[in-house]
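Student: 3D, please:
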Amino acid sequence: MAQATDATGGVLAGVLREVGRREADVPFQEIKARSRAMGPTRDVRAALLRGGCGVIVEIKRTSPVHGPTAPFSASGLTVEEVADAIERGGAHLIACQTEKLRFDGSLADMARARAAVSLPMVCRDVIVDPYQIHEARCYGADLIPLQVGIMDQPRLEALLDRAESLGMVVMAEVRTPEEADRALRAGATVVGVNSWSFASNDLNRDAFAEIAPGLPSDVVRISLGGVRNARDLIDAAAAGADAVLAAEAVMSRDDIETATRRLAAAGQHPACPSRR
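Tutor: Okay, here's the model as predicted:
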């Protein structure tokens, strides 16, 4: 436990250092003004609730577990080409990993991906500071995650309110029933259950099935992590998922469009469980 806590602290310290560096270049008041001048966000809820079990595909360049991803390391695709292939494959939303420290991501990647498609964009990052929320909006985020387990309740509620004031949807990211309860108390209406631990890279494939039944029926439920194929998507849908987020199931393939289409087709198949 102490090792996991130390690892979490290291990630947070690194994130805050990066935020401080960026804020030194663009002060808070300036990024805040820019974010409030942005055009309207794309309709995340409509995309998530289109029917069946939705698919969110995450663009990432590398990961601490699987290493460099095929589209960038083997195929040499651009972010725009990857995003376009995901959209053509039938995904409902696109996520972009923007965390630099562990995933070699960037906000610039997210902005380029969003400009190439019409789908709503999810900013995948460790967001713990108000600056990051305004920054994410400036780079095109329509949905942001807030990691419930790494912040106290007042900060969680303040960051959620700030993001919603900019027109963004917040996905409260949880890993335990206790965190799910805290997310609901904060007013979250979209909850993502992450099967991966925050810092140790352990995988709990039962996390969603353990937590989702305790969520109110009007909460949008997203299963994060552990979706390797169509069978995993159907299992998540059977446990109550409105959508799944898939990364390696697509990003480990050379043909991004085909890999996305397989998941999207499973989610829209008449036999796929759906509460709608």
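
Student: Can you give the distance of the helix or strand of the chain with the lowest mean pLDDT from its chain's centre?
Tutor: Taking mean pLDDT, DSSP states H and E as the measure, the chain has helix 70-73 as its least confident helix or strand, at a mean of 79. Between the centre of helix 70-73 and the centre of its chain there are 20 Å (CA atoms, centre = their mean, to the nearest Å).

Student: next one: stretch 23-34
Tutor: 24 Å.

Student: start to end distance for it?
Tutor: In stretch 23-34, first residue to last residue: 13 Å (CA to CA, to the nearest Å).

Student: neighbouring contacts of that stretch?
Tutor: Outside stretch 23-34, the residues within contact range by CB atoms under 8 Å, 6 or more residues apart in numbering are P130, Y131, H134, E135, C138. Backbone N, C-alpha and C define where each C-beta goes, glycine included.

Student: May I have the secondary structure class of the second one?
Tutor: Three-state call for Y131 (DSSP: H, G, I helix; E, B strand; the rest coil): helix.

Student: from what I can see it touches L16, true?
Tutor: No. If you go by CB atoms under 8 Å, Y131 and L16 don't touch, sitting 9.8 Å apart.

Student: and M168, how many neighbours does it have?
Tutor: 23 (other CB atoms under 10 Å).

Student: That one: what's it in contact with?
Tutor: T41, V44, I133, A136, R137, A141, D142, L143, I144.

Student: so the last one sits in a helix?
Tutor: Spelled out, it's I144. No. Checked against three-state DSSP, I144 lies outside a helix; its state is strand.

Student: Buried residues, stretch 140-156. List them.
Tutor: Neighbour-count burial for stretch 140-156 flags 140-151, 156 (criterion: 16 or more other CB atoms under 10 Å).

Student: picking up where we left off before, Y131 and L16 - which one has more neighbours?
Tutor: Y131 (20 against 15).

Student: what sits against the more buried one?
Tutor: V19, R22, E23, F28, I31.

Student: three-state assignment of the third one?
Tutor: Going back to what we said before, that points to E23. Going by three-state DSSP: E23 is helix.

Student: Also the first one?
Tutor: The three-state label given to V19 by three-state DSSP is helix.

Student: ok so, going back, now for the least confident helix or strand of the chain, which elements pack on it?
Tutor: Secondary-structure packing of helix 70-73 (3 or more CB pairs under 8 Å, 6 or more residues apart in numbering; DSSP states H and E): helix 79-88.

Student: Just checking, which helix or strand succeeds the helix it packs on along the chain?
Tutor: Downstream of helix 79-88, the next assigned helix or strand under DSSP states H and E is strand 93-97.

Student: now the angle from that next one to helix 79-88?
Tutor: Put simply, strand 93-97 runs at 150 degrees to helix 79-88, going by axes from the mean of the first three to the mean of the last three CA atoms, to 10 degrees.

Student: ok, and what's touching strand 93-97?
Tutor: 44, 47-48, 54, 56-61, 79, 83, 86-87, 103, 105, 109-110, 113-114, 117, 119-125, 143, 243, 245, 247.

Student: What average pLDDT does that strand get?
Tutor: Strand 93-97 shows a mean pLDDT of 97.

Student: A212 contacts R221, correct?
Tutor: Yes. Under the contact definition of CB under 8 Å, A212 touches R221, with a separation of 5.3 Å.

Student: Just the buried positions in the one helix or strand E30 maps to, please.
Tutor: Assigned by DSSP H and E, E30 falls within helix 28-36. For helix 28-36, the neighbour count (16+ other CB under 10 Å) marks I31, K32, S35 as buried.

Student: Show the subsequent helix or strand relative to that helix.
Tutor: helix 44-48.

Student: Many thanks, we can stop here.
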